[in-house]
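Undergrad: test case, fold it:
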Amino acid sequence: MSTARVNARNLLANWGGHAAALVVAFFLSPFVVHTLGKVEYGIWSLLAILTGYMGVVDLGVRASTGRYIILYVGRKDERAVDETIRTSLGFFSGLGLLVVIAGLGLGWLFPSIFRSVPGDYRLLTQLLLPLLALNVWFSAIESVFSSVLVAHDRFDLTRAVDLGVLGVQTAGTVLALFWGYGIFGLAAVVVGCRVLGLTGNYLLARRIYPQLRVWPLALDKARMRELLGYGLAAFVSMVSVKVIGQTDLVVAGAAIDVASAAVYSVGAMLVYYCDTFLGHISTTLFPPIQRAVARNELGDARWLFLRAGRLGLIFGLLVFVGMIVYAEPFLRLWMYGPEFGEESVRQAATVMRILAASKLPLLFVGASIPVLNAMGHVRLTASLTAAEAALNLGLSLLFVLVFDWGLAGIAGGTLAARLLVRTFIVPWHACAKTGVNWRRYLTRVGGLELLAGSLTLGLCLLVRQLVPADSWARFFGGITLVGVGYCMIAFWLLVPPSDRQRIWDWILKCRTAGEAS
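TA: I've put the predicted structure just below:
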């Protein structure tokens with residue numbers, strides 16, 4: 001199978017898996033929010049965020065494991081692959097105790113950090129955090145096996161496991177809430193499904209890579225130094241990304257109250273889902289980029305870098321501009337109810353608009369960070385991401401505590417930090433390291449984003465005026481009209497001329513075949 005077809009298959013597999021998760025979230029989230037209520041849902045959201053923070057104790061070894069497995073598979077060095085796998089498994093196996101201790105510590109501190117948590121929930125949260133810590137441990141081990149599949153370009157298999165786990169987790173969530181187990185039931189479902197995912201990825205990794213060994217575990221000094229050398233910089237990036245993407249919810253829960261954390265979570269939920277959806281473009285293209293760099297084929301790396309950026313623009317502009325325009329009517333249709341009234345809808349819509357706006361600069365940044373990481377400039381990307389995270393946290397606290405801008409101020413800190421740090425500095429470095437002309441990138445990517453984004457914004461505003469989104473039928477009708485109009489904008493402005501010609505050739509071929517039949 002050609003490289004282009006493999007990349008297309010992997011991208012479609014990633015998108016298909018994430019689209020399924022998005023559909024489940026669309027239908028399941030209102031049920032979860034209204035069943036738990038704002039206070040309990042806010043507590044659950046904060047537990048999920050703190051559990052995510054526990055993942056940083058791996059010191060970036062999870063990220064570096066994936067990178068080096070891909071690198072050594074590309075070099076066909078089976079001995080190095082084996083040593084990397086068994087060393088990572090040895091490290092993660094010893095990590096379990098530390099993760100559980102971290103869960104116990106966070107559980108003990110939870111009532112002190114979030115003072116608005118009702119007394120009835122304090123003991124429960126102290127018990128749930130150590131339980132959820134096991135989820136972090138199992139996830140780290142699972143990542144080794146999924147990295148083996150990714151290194152062999154089998155994203156389709158990893159997504160197949162994810163889809164199976166998603167089905168079980170969805171059914172488990174509904175039953176746990178229906179039977180009244182609340183957030184304890186949700187935690188048990190999450191941990192059980194992680195064990196299921198770990199088992200599935202292990203069995204498939206053994207099938208695709210028969211040389212896979214998990215025993216005896218190892219802590220090879222050379223491999224450990226290698227993993228930590230890359231991993232520590234990746235660790236800084238990982239912590240910074242968590243600060244950027246997740247600390248906003250902690251600030252809302254600690255500086256305002258846990259009910260506000262629930263409102264913020266609802267406003268941010270689909271933005272982050274769609275951001276992850278687009279992030280699969282870079283994730284899918286990272287293995288071929290890494291292999292191209294390993295073979296010193298920078299021409300291929302440049303082509304993949306620009307390809308990822310253009311794909312991000314094509315699929316991202318419609319999503320985030322659409323969110324800015326349709327945030328409030330969508331949330332009113334999606335979430336409005338006894339536990340989520342008009343004021344909650346308004347606040348969540350403001351959060352969604354601001355966070356969606358903060359994602360637009362990332363479309364210009366494109367695949368800059370994966371490309372720099374593949375070329376070994378992970379310390380540079382880590383430093384810039386850390387600077388953005390620190391500024392994000394500082395501005396969010398300033399806007400909330402000093403200016404009293406509430407949830408809008410928390411989201412505004414994310415937008416301001418992104419504009420000030422990552423928007424231009426990161427792609428400039430990526431262009432310099434790969435040999436891409438910066439001015440050309442600025443005009444061909446940034447200029448096109450501004451033009452296409454402005455046209456898309458005007459289109460969304462016009463359609464919303466003509467077709468008020470006051471029912472699901474009208475909402476989806478308006479979205480369909482916007483999508484049709486955007487296809488024309490994207491086709492003429494964002495699709496490269498060579499791809500446009502191939503599309504025309506395919507249309508003419510289909511038309512000719514139809515006339516002949």
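
Undergrad: host element of the residue nearest to the spatial centre of the chain?
TA: Nearest to the geometric centre of the chain sits Thr276, at 3.0 Å (CA atoms, centre = their mean). Element membership of Thr276, judged by DSSP states H and E, is helix 258-294.

Undergrad: state the mean pLDDT of that helix.
TA: Helix 258-294 comes out with an average pLDDT of 80.

Undergrad: how about stretch 390-404?
TA: The average pLDDT for stretch 390-404 rounds to 92.

Undergrad: and stretch 129-141, by the same measure?
TA: Regarding stretch 129-141, the rounded mean pLDDT is 88.

Undergrad: show me how far that stretch is from its chain's centre.
TA: Here stretch 129-141 shows a centroid-to-chain-centroid distance of 19 Å under the convention CA atoms, centre = their mean, to the nearest Å.

Undergrad: what do you get for stretch 205-214?
TA: Between the mean C-alpha point of stretch 205-214 and the mean C-alpha point of its chain there is a distance of 28 Å (CA atoms, centre = their mean).

Undergrad: how about residues contacting stretch 130-142?
TA: For stretch 130-142, the external contacting residues (CB atoms under 8 Å, 6 or more residues apart in numbering) are 47-48, 51, 54-55, 58, 62, 89, 92-93, 95-96, 99-100, 102-104, 107, 187-188, 190-191, 194-195, 197-198, 201-202. Yep, even glycine has a C-beta here, placed from its N, CA and C like the rest.

Undergrad: hmm, I was thinking of stretch 64-73
TA: Stretch 64-73 is contacted by residues 78, 80-81, 84-85, 88, 143-144, 147-148, 150-152, 226-231, 234, 286-287, 290-291, 294, 373 when judged by CB under 8 Å, 6+ apart.

Undergrad: show me which of those residues are buried.
TA: Buried subset of the contacts of stretch 64-73 (neighbour count, 16 or more other CB atoms under 10 Å): 80-81, 84-85, 88, 143-144, 147-148, 150-152, 226-228, 230-231, 234, 286-287, 290-291, 294, 373.

Undergrad: quick one on the thing from earlier: what helices or strands is the helix holding Thr276 leaning on?
TA: Helices and strands in packing contact with helix 258-294 are listed as helix 3-54, helix 61-75, helix 221-251, helix 298-335, helix 342-365, helix 368-374, helix 406-420; criterion 3 or more CB pairs under 8 Å, 6 or more residues apart in numbering; DSSP states H and E.

Undergrad: what's the most buried one of those?
TA: Mean neighbour counts were taken over the helices and strands packed on helix 258-294 using mean count of other CB atoms under 10 Å, and the top value, a mean of 26, falls to helix 368-374.

Undergrad: just the CA coordinates of that helix, formatted as CSV?
TA: Taking Å, rounded to 0.1, in the frame of the first residue of the first chain, the C-alpha atoms of helix 368-374 are listed here in CSV:
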residue,chain,number,x,y,z
SER,A,368,5.1,23.1,13.8
ILE,A,369,5.5,21.5,17.2
PRO,A,370,5.5,17.9,15.9
VAL,A,371,8.0,18.8,13.2
LEU,A,372,10.3,20.5,15.7
ASN,A,373,10.0,17.5,18.1
ALA,A,374,10.8,15.1,15.3
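
Undergrad: so the following helix or strand past that helix versus helix 342-365, what angle?
TA: Reading on from helix 368-374 to the C-terminus, the next helix or strand found by DSSP H and E is helix 378-397. Counting by axes from the mean of the first three to the mean of the last three CA atoms, to 10 degrees, helix 378-397 points 150 degrees away from the direction of helix 342-365.

Undergrad: got the buried residues for helix 378-397?
TA: Residues 378, 380-382, 384-389, 391-393, 395-397 are the ones in helix 378-397 that count as buried (16+ other CB under 10 Å).

Undergrad: nearest to Leu311, of these?
TA: The shortest separation between Leu311 and any of the buried residues of helix 378-397 is 20.4 Å, and it belongs to Thr381 (by CB to CB).

Undergrad: hang on, isn't the closest one packed against Leu372?
TA: Yes. Thr381 is within contact range of Leu372, at 5.1 Å (criterion: CB atoms under 8 Å).

Undergrad: identify the contacts common to the two.
TA: Contact criterion CB under 8 Å, 6+ apart; residues shared by Thr381 and Leu372: Val426.

Undergrad: ok so, going back, measure the residue nearest to the centre of the chain to Tyr121 for me?
TA: 29 Å (CB to CB, to the nearest Å).

Undergrad: equivalent analysis for Thr456, please.
TA: With CB to CB as the criterion, Thr456 and Tyr121 are 44 Å apart.

Undergrad: what about these two, which has more around it?
TA: Of the pair Thr456 and Tyr121, Thr456 is the one with more neighbours under other CB atoms under 10 Å, namely 23 against 19.

Undergrad: find me the pLDDT at the more buried one, would you?
TA: Per-residue confidence for Thr456 comes out at a pLDDT of 97.

Undergrad: ok, so what distance separates it from Leu331?
TA: In this structure, Thr456 and Leu331 are separated by 20 Å, where distance is defined by CB to CB.

Undergrad: and what about Arg213, helix, strand or coil?
TA: Using DSSP: H, G, I helix; E, B strand; the rest coil, the secondary structure recorded for Arg213 is coil.

Undergrad: residues in contact with it?
TA: Asp82, Ile85, Arg86.

Undergrad: report the spatially nearest residue to Ala367, omitting neighbours in sequence.
TA: Computed as CB to CB, 6 or more residues apart in numbering, the closest residue to Ala367 that is not its neighbour in sequence is Ala308, at 3.6 Å.

Undergrad: that neighbour and Ile281 touch, don't they?
TA: Yes. Under the criterion of CB under 8 Å, Ala308 makes contact with Ile281 at 5.3 Å.

Undergrad: residues that sit against both of these two, list them.
TA: Common contacts of Ala308 and Ile281, defined by CB under 8 Å, 6+ apart, comprise Ala367.

Undergrad: C-alpha coordinates for stretch 146-154, CSV please?
TA: Extracted as CSV, the C-alpha positions of stretch 146-154 are listed here (Å, rounded to 0.1, in the frame of the first residue of the first chain):
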residue,chain,number,x,y,z
SER,A,146,-0.4,1.3,21.3
SER,A,147,3.0,2.9,20.3
VAL,A,148,4.0,-0.4,18.8
LEU,A,149,0.9,-0.3,16.6
VAL,A,150,1.4,3.3,15.7
ALA,A,151,5.0,2.6,14.8
HIS,A,152,3.7,0.1,12.2
ASP,A,153,1.1,2.6,10.9
ARG,A,154,-1.8,0.6,12.4
